[in-house]
Structure formats: C-alpha cells, structure tokens
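Student: Here is a sequence together with a model predicted from it:
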Amino acid sequence: MNDRHAAARAALEAALAAGDAPSSTSGEPQVTPTRGRSSAWQPIPGDPEADPTTRGDQADPHDVARQIVLRQLASAPKSRKQLRDKLRQRHCPDDVAEAVLDRMTEVGLIDDEAYAGMVVRSQQAGRGLAARALARELRAKGVDEELAKATLDAMDPEQERERAEQLVTKRLKTMHGLDPTVQRRRLAGMLARKGYASDLSMTVIREALARSPEHQRD
C-alpha cells in the first residue's frame with residue numbers, strides 16, 4: 001500500500017470514528033426517485049434513515065449520499081465511477097452525488113490514482129496478470145483510460161518477465177510426462193489469458209522447457 005492510499009484509509013477511519021458513517025448495520029440507506037428538486041428526496045419507508053427522531057421529517061440527501069459512500073469505502077477501496085454507479089443505484093440525484101464525490105476527493109477519501117496503483121499491485125501479486133489483462137481490470141473498475149495508461153506505463157517490464165517465468169515454472173511442474181508440444185501449447189494459453197504478449201510468452205516458455213530436466217539430453 002503506497003503513502004497516498006494509506007492516507008486515504010486514515011482519513012476514512014477518522015470519518016468513521018467521527019460518526020459520519022451510519023450506525024445501522026442493516027444495510028445502506030436507499031431512496032425513492034422523485035421528479036422534484038434534491039430537497040424532495042424521500043427515504044424508503046422502513047429505512048433507518050427515515051426515523052424522524054434522528055433525521056427529522058426528511059433525510060438530508062447529501063448526508064445520506066455521504067453515508068452510502070463511506071460505507072462502500074469501508075468495505076473496500078473503490079474508484080469514483082464505482083461509487084457514482086452505487087449512488088445511482090440508490091436513486092441519488094446526480095447533482096448531489098457529484099457534490100459528495102467532489103468533497104470526498106478533496107479530503108482524500110477518493111483517489112483514483114492511488115486506487116489504480118493498488119489494483120495493479122494486488123492483481124500482479126495475486127493473479128500474475130500482465131499489462132494487457134490489468135488494463136481490462138482497470139477499465140472494468142471505472143478507472144479513466146489516461147490514468148490507467150499512466151499507471152501501466154510505470155510498470156517495470158523486468159518484473160513482468162519475472163512473473164511470467166514464475167508462472168511457467170510453477171505450471172510446468174504439474175505437466176511432467178506430457179509431450180513438449182502439449183506443454184508449450186498449454187503454457188502459452190495460460191500466459192495469454194493473463195495478458196502476456198506472445199513474443200514474451202514464447203521466449204519464457206522456450207527457456208523454461210530447455211531448463212527442464214525431462215527435456216535435457218543425457
């Protein structure tokens with residue numbers, strides 16, 4: 001975890017400790033869509049946020065939106081787009097959502113650059129994904145294309161090659177006795193699914209097979 005992401009988590013913990021997050025654990029507040037202004041935003045009957053003893057006759061839309069975002073961030077880091085989509089699912093008006101997201105970004109609770117870096121590191125370490133597959137992951141998580149490209153451009157090519165070598169070495173141990181052509185095809189397919197370029201894949205596979213004791217001549 002880098003310094004920026006650590007700072008964001010610290011800010012989130014401070015916000016939760018200050019009571020900005022909802023005290024109910026029954027789920028996130030939801031609202032019914034209205035055609036009026038944001039001030040006419042009404043909670044669903046039975047929702048904890050509808051309790052007039054704690055919220056008054058109407059729930060403040062910005063407060064409810066903020067609590068939804070805090071709850072989402074408390075469960076796992078997320079991109080701004082993911083949070084925006086979640087607010088839309090809860091029928092939050094767009095102007096309210098953007099105002100809350102802007103404020104969360106200002107205080108460091110939302111940081112897409114730090115989030116993209118975290119996704120890349122975790123997916124590299126956990127699944128051994130290469131740049132092409134990581135680009136798909138970032139796109140699916142709503143990270144801006146330019147930001148995703150900058151994050152991926154900062155990757156060390158040597159680390160990607162080392163990870164490919166580790167994957168091939170580990171997988172090759174489970175393929176003892178198979179024909180070299182079959183081993184080569186299966187290893188190439190594995191690396192392709194993880195986003196490795198074909199030229200890198202074939203180089204790594206060829207070198208691994210050459211080192212393998214079962215393929216070395218006596």
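Tutor: Structure's in. What do you need? Residues are numbered from 1 along each chain as shown.

Student: Find the least confident helix or strand in the chain, judged by mean pLDDT.
Tutor: Sorting the helices and strands of the chain by mean pLDDT, DSSP states H and E puts helix 52-55 at the bottom, at a mean of 41.

Student: Tell me which helix or strand comes right after it.
Tutor: Using DSSP states H and E, the next helix or strand after helix 52-55 towards the C-terminus is helix 61-75.

Student: Show me the strands in the chain, by range?
Tutor: 31-32, 42-43 (DSSP state E).

Student: Run a quick neighbour tally on the nearest residue to Met175 once chain neighbours are set aside.
Tutor: Using C-beta to C-beta, 6 or more residues apart in numbering and skipping residues adjacent in sequence, the residue nearest Met175 is Gln183, 4.9 Å away. In this view, the C-beta of every residue, glycine as well, is placed from N, C-alpha and C. By the other C-beta atoms under 10 Å criterion, the neighbourhood of Gln183 contains 22 residues.

Student: Now do the contacts for Gln183.
Tutor: 172, 175, 209 (C-beta atoms under 8 Å, 6 or more residues apart in numbering).

Student: Next one, pLDDT for it please.
Tutor: At Gln183, the pLDDT value in this model is 95.

Student: Please apply the same query to the one 3 residues further on.
Tutor: We have a pLDDT of 96 for Arg186.

Student: Could you report the distance from the closest residue to it other than its chain neighbours to Gly195?
Tutor: Among residues not flanking Arg186 along the chain, Met175 sits closest, at 6.7 Å (C-beta to C-beta, 6+ apart). As judged by C-beta to C-beta, to the nearest Å, Met175 and Gly195 stand 21 Å apart.

Student: Counting neighbours, go ahead and name the busier of those two.
Tutor: Gly195 (19 against 16).

Student: Count the neighbours of the closest residue to the more buried one other than its chain neighbours for me.
Tutor: Closest residue in space to Gly195, ignoring its immediate chain neighbours: Ala133 at 2.9 Å, by C-beta to C-beta, 6+ apart. By other C-beta under 10 Å, the residues close to Ala133 number 18.

Student: now Val204
Tutor: If we define neighbours as other C-beta under 10 Å, then Val204 has 23 of them.

Student: measure it to Ala133 for me?
Tutor: For Val204, the distance to Ala133 - C-beta to C-beta - is 16 Å.

Student: now do Arg84
Tutor: Distance from Arg84 to Ala133, counting by C-beta to C-beta: 25 Å.

Student: Likewise for Gly126?
Tutor: Going from Gly126 to Ala133 by C-beta to C-beta gives 12 Å.

Student: Fine, thanks again, bye for now.
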